[in-house]
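Peer 1: 3D model of this:
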Amino acid sequence: MSTSLSPDYKRIWRAARGPVIVGLIIVAAAIVIALARGGGEDGALDPDSVSPQGSRAIARLLEQQGVQIRQVGSIADAYDAVTGDSTLLITQPNWLTVEQLETLREQAGATVTIGATDGALVGLAPSTRREILVEPQNRQPGCGFDAAGVVYIGGVTYDGPTRCYDGAVVRDGDVTLLGDAAPVVNDTLDQEGNAALGLRVLGQHRQLVWYMPTLADAAAGGGGGGDRDAEGSGLESLYSLVPGGWWFGLGQVAVAVLLFMAWRARRLGPIVTEPLPVVVRAAETTEGRARLYRRAKATDHAADALRRATIGKLIPLLGLPSDATPAAITESVTARTGRPGVEVHAVLFGPPPTTEQALVQIADDLDALLNEVGSR
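Peer 2: Down below sits the predicted model:
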């Protein structure tokens, strides 16, 4: 005895099969792209990502301190970008071969890695050994990182020449090994001294090469530094397993899916606008940035920002061009206020403060000077 679908089920299937097929294609394409990119959380350790595991906050702090960040995503671009005057950050050192890591380390002025394990340590820091995995928690420096103070960090621990934070941070020559990404990700940057530690290890040079390896880099080098099989061959990238014509076909399918969705989509009419439910005060951005400066003990950068803002207001009041030199600005302010030139120069262009009290004094002096010029 055979069974058949009732007319209702047939009608439902005919109506639903199009969206079901489209959904399956989209899911399959998403899986392929995710695997090809190496997986991981979306935006993890990306200097442009605002996700909890992204690194936009530390990247912006570094740029404000004059560090130029160059993000690269392939081993070839990394070789071209790294110089002896740059710091190199490798977010996934275990995906690279020993030879690749040795070459990058020799080219860079300083190298910083996150979560490096046994295979990667051979190319990065041969005299350092991996110990155990530990849970993140507040740890004392116990070494020369006293300026950062207590740091919230965990992950891989090491035994090396300069051992800090219970082994979660180790310096071996010009290589700094971080046990996990706590000092550089948005989610934990504001905990304890994480921001100060991140700025110190990543701001060693004026240029920072932010290298985010993919599995394609491991295939290009013949295998990953931390995941080799018994014969020494490495992981084969998913890119190399897919014939070239398939990528063209996948692009055609994507175009077809978009056209199908546009054809079948319900016409919803004009967009209805409504006011945003939340109004964010502009002062919150300033207050948040100030808290980060305070945690990072960046009084010098805060003073520089105050001075630049004051000079920007003084120039139009004094009738000076935007590219006026410090000497011209000092002379004009002296003529307007009658203050000694040495005093004016010290307020506007003097050395950075070393304490919070000195920073507050500079802020008061700048405010008073601006009021004097504006009232005359």
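Peer 1: Which strand residues bridge the nearest residue to residue 118 once chain neighbours are set aside?
Peer 2: Nearest residue to residue 118, sequence neighbours excluded (C-beta to C-beta, 6 or more residues apart in numbering): residue 130, at 5.6 Å. (Glycine included, C-beta is placed from N, CA and C.) Counting by DSSP bridges, residue 130 is bridged to residue 158.
Peer 1: residue contacts, residue 130?
Peer 2: 116, 117, 118, 121, 156, 157, 158 (C-beta atoms under 8 Å, 6 or more residues apart in numbering).
Peer 1: how much space is there between it and residue 295?
Peer 2: 30 Å (C-beta to C-beta, to the nearest Å).
Peer 1: Could you do residue 126 as well?
Peer 2: In terms of C-beta to C-beta, residue 126 sits 35 Å off from residue 295.
Peer 1: more neighbours, these two?
Peer 2: A direct count of neighbours by other C-beta atoms under 10 Å for residue 126 and residue 295 places residue 295 higher, at 17 against 12.
Peer 1: ok, the more buried one to residue 137 distance?
Peer 2: Residue 295 is 18 Å from residue 137, by C-beta to C-beta.
Peer 1: quick one: the helices in the stretch 51-200 of the chain?
Peer 2: Counting by DSSP state H, counting those that start in this stretch, the stretch 51-200 of the chain has helices at residues 56-64, 75-81, 98-107, 118-124, 194-202.
Peer 1: Just name the most buried of those helices.
Peer 2: Among these, ranked by average contacts under mean count of other C-beta atoms under 10 Å, first place goes to helix 194-202 (a mean of 24).
Peer 1: Can you name the next helix or strand after that helix?
Peer 2: strand 207-211 (DSSP states H and E).
Peer 1: Report the mean confidence score over that next one.
Peer 2: Averaging pLDDT along strand 207-211 gives 96.
Peer 1: quick check: angle from that strand to helix 98-107?
Peer 2: 170 degrees (axes from the mean of the first three to the mean of the last three C-alpha atoms, to 10 degrees).
Peer 1: what packs against strand 207-211?
Peer 2: Using 3 or more C-beta pairs under 8 Å, 6 or more residues apart in numbering; DSSP states H and E as the contact test, the elements touching strand 207-211 are strand 68-72, helix 75-81, strand 86-90.
Peer 1: Right, I'll call it a day here.
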